[in-house]
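Q: what follows is a predicted protein model with its sequence.
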Amino acid sequence: MQSNNGNGILAVPFRKGAHVSLSTAIKQYISTKYDQHPDMFRQDLDVIDALRRDAVDVREPHPSGLKKLQAYAAQLVWIAGKFPIDIGADFTWYPSLGYNIDRPVVHNNLQFERANIVYNLAALYSQLAIASNRTDTDGLKTAASYFNHAAGVLAHLKNEIIPDLRTTPPDDMDEHSLESLIQLQLAQSQECFWQKAVMDRYKDASIAKLAAKVSDLYNLAGEAAMRSEAISSSWIHHMSAKHHHFAAAAQYRAACECLEKRKYGEEVARLQDAVACVAEGIKETKGGYLSKIVIEDLNSLKKRVEDHLQTAERDNDKIYLNPVPPKSELKILDRATMAVARIPPQVATPLEYIGDKSEFGPALFTKLVPYSVHLAVSIYEERRDRMVNQNVITELETLNERIHEILSQLNLPGSIQAFEKPLGLPGTLVQHAEEIRQADAINRLQRSFADIKKLRDADMAMYDEGNGFLQAEDEEDNRLRMKFGTDRWIRPESRAEPTQGAKLWNQATEAEGWFANSASSDGVVREKFYNVESTLAILAGPDRGIMDFVPSSRRTEIPETLKPAIGRLRSIYNDVMRLESRRRRKADALREKARGDDIKSDILAEAARLERNQAVATAIVPAHFEDFFDKRLDTLYEPDLDMVQKEGAEQEKILSDLVRANRDFESQKKSVGDKGNREREQALQKLENAYYKYKELTNNVEVGRKFYNDLSRIVGNFRDSARTFATERRREARMLEEELSMPPLSNLSLSQREHAQPPAPATAWTGASSYQQPAQSQALPQVENSYHGGQPAASSTRQQVHSPPEAHIQSWAPPHETVAPQPQQPRTNPVQQIWNQEMPLKFSNTSNSSVNSAAPPRNSNPPSGTWDPSNGIRFG
């Protein structure tokens, strides 16, 4: 049991937990139940272990422990939707109350783990309350708040968590134990409010109401504790003593109020009841169950009440002579309830505090779904976006473009504005000009073009980097293939490599096409901007500049015969504008609707239904969700598809009315003559066309920005994959090159080692030829020589030549060069004498060639004429 003897208040002790590797159980479950490798969630596994370790290690009353416990409890709520309750981890916890606190309780149960964490959170709140400085009013308010939160957390545990435990709860978590702890925390919170009222010298009536409620709460806590198997006798005696103590305090304060109101008889009766109550409280001191401070408070209250009663009885008997009513006739004291169980929002709605930028960090194992479900989600989102963008939004934008195309052909609204506003600027044009100024249209578009160029350049840089990895690897592979030959360098080219190479080269080709197409589109948009830039500059300028651009009409009054035609045309034109505005709002609402269409939870439920009902005979694949996709898309977006058809039909009707009205207008205009209005009409129409072109350009640049942002993710993945692929291919190439560069095993025979001789310390040979002894020489009847006029061949390999033991030939290799010995054919005629520098060498085509003993003088001339292979090669 844990209490605070210095303050006479009880704190809920912590439950002690043993350290268990929850990540091990999760990893094992992922391996067996999911189509994803546990290493994909290595960081999440480390985080869940760290969260549990921090939460289990909370043992001291410090506010930092609140977040540790709340964060782990919130993640347990989240992962309960990912894993079964019996995940495979044996959670070991020791009770905090009762007579078996040294006996562990072990359950393979995530809900049991959560219950213990939440219980310890309540214990922490309770201990923080006791640790607060309750000698001033601010400290009392803080303590009361902590007690309220402790009660709220325990109530949440009792009502929301324990019913879903699926096993018998421990004794200190059963219904009666938790109810007793809840009422105890509320009683101690109410006691803080009572103590604050005493400090602040509230009226006796208010203090009495607060004390009466404290007594009630302690009584409820004690009654529940009597039915509990875990609440000890000392706690029960404590609650009972506190109940009687505050019952006496309430009656004492009520008696003081009676004294103020001169109700002397009632004063005596309440004091008598107070004495009786405090006497009951003092009975609880037997057995040594109560703390010293509680006993002292009871004795102090007893003395004060008895002294007050003695004085009140004397005064009433001698002076006031008021009848003393029996206790049954006393009015029951009113209660002032201040303590309320408050559940922290982090406990009541923990998932709201989980997220990338939320208090408890990102949710763990968010990507833990079967691969087929992952794929199905991607397929649905792609199909949804394609349907929304292509079948609805693009169609609506096409209808809007059709509207402006017709308006431009009809010179609307410029033609009617020229008549309606022959002088000055039309109101709609003024509004459009103000919108252009507020948006800083030209600079905004130029900044957008610059941003798009930066995005394109960044995407292009990533693409070039990835493509460079592939090109460098391909060049290196071709170089090594040329070096070793296609017979020995047998690995496939990177472009034909089946696992990654072919895919990456295809991606490179596709990305190159994307960049080419986007460059063309960017050019079209920029050209469109340049065509209207000067007109936009006029709109963005002051009204005086616009008025200078738009000439005034010579006709200041609208002819009476023209007014009906203008009225009809203006009415239909306004209907067209309203139609376009409504359509844009519908498109925005549809985009928002598609962004909020999160299918993950529904598709997981559908996957579970398929598995549960055994609707599929094999593993679930995306094709199994086709019916689910069709039904969902029809339900959500079929009305929008129908809306497009209705919009098109409505537009055709209204545009036909507009063309007809404009035809009548033009006819009437010719009859009255439009002299002096043509230039004004053209200027107004040019400004209107520029405004709508600006709106079109803003949409274009947003589309371009989205395109390059999406492309950034694609080429980034391409670059990373290309880097990994090239690194792996280089490692593979080095291993294969080392293997092919090793000498053949046939060159390493024991007989060669016996005949190998170190190089002779004689002068090095400096002849102008090179000699190469091929490895196959032992199978050939003669030695093949290579001659390169004047310089040694770079590709020749100098070899150490060994003769039988009867004769020795000086090595041509430099003394520091190690040359592998080569096998030689046995010679039929051994060398007659050792060669020296004064003797030439002669190689013939006979198998028994040797060094001639009768050599011509050193200064003799070499034979002239064409070389005869039968004569060999003569050096010197």
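A: The structure has been received and is ready for your questions. The shown structure was predicted, so the numbers you read here are calculated from the model rather than taken from an experiment.

Q: show me where the chain dips below the pLDDT cut-off.
A: 1-7, 35, 370-372, 374, 553-558, 608, 611-620, 671-676, 743-876 (pLDDT under 70).

Q: center of it - which residue?
A: By C-alpha atoms, centre = their mean, the chain has its centre lying nearest to D356, at 5.9 Å.

Q: contact partners for the nearest residue to that one once chain neighbours are set aside?
A: Distances taken as C-beta to C-beta, 6 or more residues apart in numbering place P362 nearest to D356, at 5.0 Å, with adjacent residues excluded. Using the backbone N, CA and C atoms, a C-beta is placed for each residue, glycine as well. Contacts for P362 (C-beta atoms under 8 Å, 6 or more residues apart in numbering) come out as 354-356.

Q: tell me where this protein has strands.
A: Ranges of strands in the chain, per DSSP state E, are 3-4, 9-10, 16-17, 91-94, 105-107, 842-843, 873-874.

Q: hang on, the earlier thing: reformat the contacts of P362 as a markdown table; add distance to V324.
A: Output for these, formatted as a markdown table (distance: C-beta to C-beta, whole Å):
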| residue | distance to V324 |
| --- | --- |
| I354 | 64 |
| G355 | 67 |
| D356 | 71 |
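
Q: list just the nearest of those to G8.
A: For these, the minimum distance to G8 (C-beta to C-beta) is 40.0 Å, reached by I354.

Q: which residues does that closest one contact?
A: 74-75, 78, 360-363.

Q: going through these, which ones are buried?
A: 74-75, 78, 360-361, 363 (16 or more other C-beta atoms under 10 Å).

Q: tell me the buried residues in stretch 181-199?
A: 181-197.

Q: got it, and stretch 92-111?
A: Those would be 93-98, 101, 105, 107-111, for stretch 92-111 by 16+ other C-beta under 10 Å.

Q: quick one: end-to-end distance for that stretch.
A: 13 Å (C-alpha to C-alpha, to the nearest Å).

Q: alpha carbons only: can I get stretch 473-488 in PDB?
A: This file holds the C-alpha atoms of stretch 473-488, laid out as PDB (Å, rounded to 0.1, in the frame of the first residue of the first chain):
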ATOM      1  CA  GLU A 473      27.600   0.900 -65.900                       C
ATOM      2  CA  ASP A 474      26.800   0.000 -69.500                       C
ATOM      3  CA  GLU A 475      30.100   1.400 -70.700                       C
ATOM      4  CA  GLU A 476      32.100  -0.400 -68.100                       C
ATOM      5  CA  ASP A 477      30.300  -3.600 -68.900                       C
ATOM      6  CA  ASN A 478      31.000  -3.200 -72.600                       C
ATOM      7  CA  ARG A 479      34.700  -2.500 -71.900                       C
ATOM      8  CA  LEU A 480      35.100  -5.700 -69.800                       C
ATOM      9  CA  ARG A 481      33.200  -7.600 -72.500                       C
ATOM     10  CA  MET A 482      35.600  -6.500 -75.100                       C
ATOM     11  CA  LYS A 483      38.600  -7.300 -72.800                       C
ATOM     12  CA  PHE A 484      37.500 -10.800 -72.000                       C
ATOM     13  CA  GLY A 485      35.400 -11.700 -75.000                       C
ATOM     14  CA  THR A 486      31.800 -12.700 -75.200                       C
ATOM     15  CA  ASP A 487      32.700 -16.300 -74.700                       C
ATOM     16  CA  ARG A 488      34.100 -15.600 -71.200                       C
END
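
Q: for that stretch, which outside residues touch it?
A: So stretch 473-488 is in contact with 489, 491, 493-495, 725-726, 729-730, 733, 736-737, 740, going by C-beta under 8 Å, 6+ apart.

Q: PyMOL command to pick out the buried ones of those residues?
A: In PyMOL syntax, the buried subset of these is picked out as below (16+ other C-beta under 10 Å):
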select buried, resi 489+494+725+726+729+733+736
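
Q: in helices only, show me the contacts of stretch 473-488.
A: Using DSSP state H, the members of the contacts of stretch 473-488 that fall in helices are 725-726, 729-730, 733, 736-737, 740.

Q: for the residue nearest to D356, give its distance to I599.
A: In this view, P362 and I599 are 20 Å apart by C-beta to C-beta, to the nearest Å.

Q: got it, and D464?
A: 37 Å.

Q: so between those two, which is more surrounded?
A: Neighbours per residue (other C-beta atoms under 10 Å) separate D464 from I599, with I599 holding more: 18 against 13.

Q: shouldn't that one be in contact with K631?
A: No - using C-beta atoms under 8 Å, I599 is not in contact with K631, being 11.9 Å away.

Q: what residues are up against the residue nearest to N299 when sequence neighbours are not counted?
A: With C-beta to C-beta, 6+ apart as the criterion, N299 has its nearest non-adjacent residue at 7.3 Å, and that residue is I282. Residues counted as contacts of I282 (C-beta under 8 Å, 6+ apart) are 298-299, 302.

Q: same check, this time on F628
A: Counted by C-beta under 8 Å, 6+ apart, F628 has contacts 603, 606.

Q: picking up where we left off before, can you flag which of the contacts of I354 belong to helices?
A: 74-75, 78.

Q: which one among these gets closest to D317?
A: Nearest member of these to D317, counting by C-beta to C-beta, is A74, at 66.3 Å.

Q: so how far is Y353 from the closest one?
A: From A74 to Y353 the distance is 6 Å (C-beta to C-beta).

Q: now for those two: what residues contact both?
A: Joint contacts of A74 and Y353 (C-beta under 8 Å, 6+ apart) are 346, 360.

Q: surely Q75 touches S358?
A: No - using C-beta under 8 Å, Q75 makes no contact with S358, being 11.6 Å away.

Q: can you get me a residue count around R632?
A: There are 18 residues near R632, going by other C-beta under 10 Å.

Q: quick one: contacts for it?
A: Counted by C-beta under 8 Å, 6+ apart, R632 has contacts 380, 599, 602.

Q: take these and lay them out in TSV including distance to T499.
A: Below are the contacts of R632 laid out as TSV (distance: C-beta to C-beta, whole Å):
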residue	distance to T499
Y380	28
I599	31
D602	35
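
Q: next step: these restricted to helices.
A: 380, 602.

Q: tell me the one of the contacts of R632 nearest A511?
A: Nearest member of the contacts of R632 to A511, counting by C-beta to C-beta, is Y380, at 25.6 Å.

Q: so what's the closest one up against?
A: 599, 603, 625, 629, 632.

Q: grab the nearest non-local neighbour of the third one.
A: In space, F625 comes closest to A376 once its chain neighbours are excluded; the distance is 4.6 Å by C-beta to C-beta, 6+ apart.

Q: quick check: the one you found touching L610?
A: No - using C-beta under 8 Å, A376 is not in contact with L610; the gap is 11.0 Å.

Q: which one's more surrounded, those two?
A: A376 (25 against 15).

Q: and the more buried one, what does it touch?
A: By C-beta under 8 Å, 6+ apart, the neighbours of A376 are 603, 622, 625, 629.

Q: S712 versus the closest residue in space to the last one that isn't next to it in sequence, what's the distance?
A: The one in question is F629. Among residues not flanking F629 along the chain, Y380 sits closest, at 5.4 Å (C-beta to C-beta, 6+ apart). Going from Y380 to S712 by C-beta to C-beta gives 24 Å.

Q: and for P492?
A: For P492, the distance to S712 - C-beta to C-beta - is 31 Å.

Q: in the stretch 351-500 of the chain, which spans are helices?
A: Per DSSP state H, counting those that start in this stretch, the stretch 351-500 of the chain carries helices over the ranges 371-386, 394-409, 414-420, 427-439, 441-484.
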